[in-house]
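In: Predicted model and sequence below, questions to follow.
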Amino acid sequence: ESYEFMLIGTEQLILEKVSPVNKTIKDSSDVVKVLLEAETSAGYKEGEATCYYSESGEADSFITFFDTGRENTNKHSQELNLIEGSYSYTIKCIDLGGNSDKKIASFSVETDSEAPSVVRVYHEENNLKVIINEKGKCVYSKDSCSYLFEDGINMQSVNDINHFSEWNVNSN
């Protein structure tokens with residue numbers, strides 16, 4: 001028996017954005033949380049797709065993004081816990097029309113488990129100046145030497161290495 005069969009064409013799926021790309025993700029732990037992201041457009045239903053990632057790019061090595069399938073969406077993310085090193089992931093997305101697109105997300109992961117060290121402290125132009133050996137933030141307290149970092153008063157900074165606050169000989 002005959003029946004009507006209708007084909008509906010779609011545009012090519014476009015993998016608009018992947019991230020991170022050419023970035024260095026830094027953290028103070030041995031294992032660093034990295035968020036792979038993919039955003040699609042065009043194709044079936046304005047970019048609705050299933051996205052996959054692979055470190056090798058080999059056809060049978062792709063893993064589905066964890067959030068795929070929870071919502072019909074064109075934005076996908078996958079959390080990875082990685083050690084220090086350089087990474088390159090192939091991200092592939094496919095829509096229900098069979099359209100697909102691929103892009104590479106290349107990035108580095110750095111860990112820094114040592115706190116910055118104070119290199120120099122001195123008085124300069126009515127300021128207390130503190131220089132540290134790497135980029136960071138400095139805080140102080142007028143009340144106690146034992147306080148939580150987030151409870152400290154922020155020192156002003158020029159380049160995250162040179163920090164200063166008002167010089168006041170009447171205050172500890």
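Out: That came in fine, so what should we check first? For clarity, every value in this text was computed on a predicted model and none was experimentally measured. Numbering: from 1, shown residues only.
In: quick check, distance from stretch 12-29 to the centre of its chain.
Out: 7 Å (Cα atoms, centre = their mean, to the nearest Å).
In: which residues are in contact with it?
Out: Contact with stretch 12-29 is made by 32-44, 47, 49, 91, 93-95, 97, 99-113, as judged by Cβ atoms under 8 Å, 6 or more residues apart in numbering. Placement of C-beta: from N, CA and C, glycine included.
In: Now do the strands in this structure.
Out: 13-19, 23-27, 32-42, 50-54, 63-64, 75-82, 85-94, 100-111, 118-124, 127-132, 139-140, 153-154, 156-157, 162-166 (DSSP state E).
In: Show me just the buried residues among the contacts of stretch 12-29.
Out: 32, 34, 36-40, 42-44, 47, 49, 91, 93-95, 97, 99-101, 103, 105, 107, 109, 111 (16 or more other Cβ atoms under 10 Å).
In: Quick one: low-confidence residue ranges for this structure.
Out: 68-72 (pLDDT under 70).
In: measure stretch 124-134 end to end?
Out: Distance across stretch 124-134, first residue to last, is 21 Å (Cα to Cα, to the nearest Å).
In: Show me what counts as buried in it.
Out: In terms of neighbour count (16+ other Cβ under 10 Å), stretch 124-134 has its buried residues at 128, 129, 130, 131, 132.
In: May I have the residues that are in contact with the closest residue to residue 132 other than its chain neighbours?
Out: Once flanking residues are discounted, residue 132 sits nearest to residue 116: 4.2 Å by Cβ to Cβ, 6 or more residues apart in numbering. Contact analysis of residue 116 by Cβ under 8 Å, 6+ apart lists 132, 133, 134, 135, 136.
In: Great, nothing more from me.
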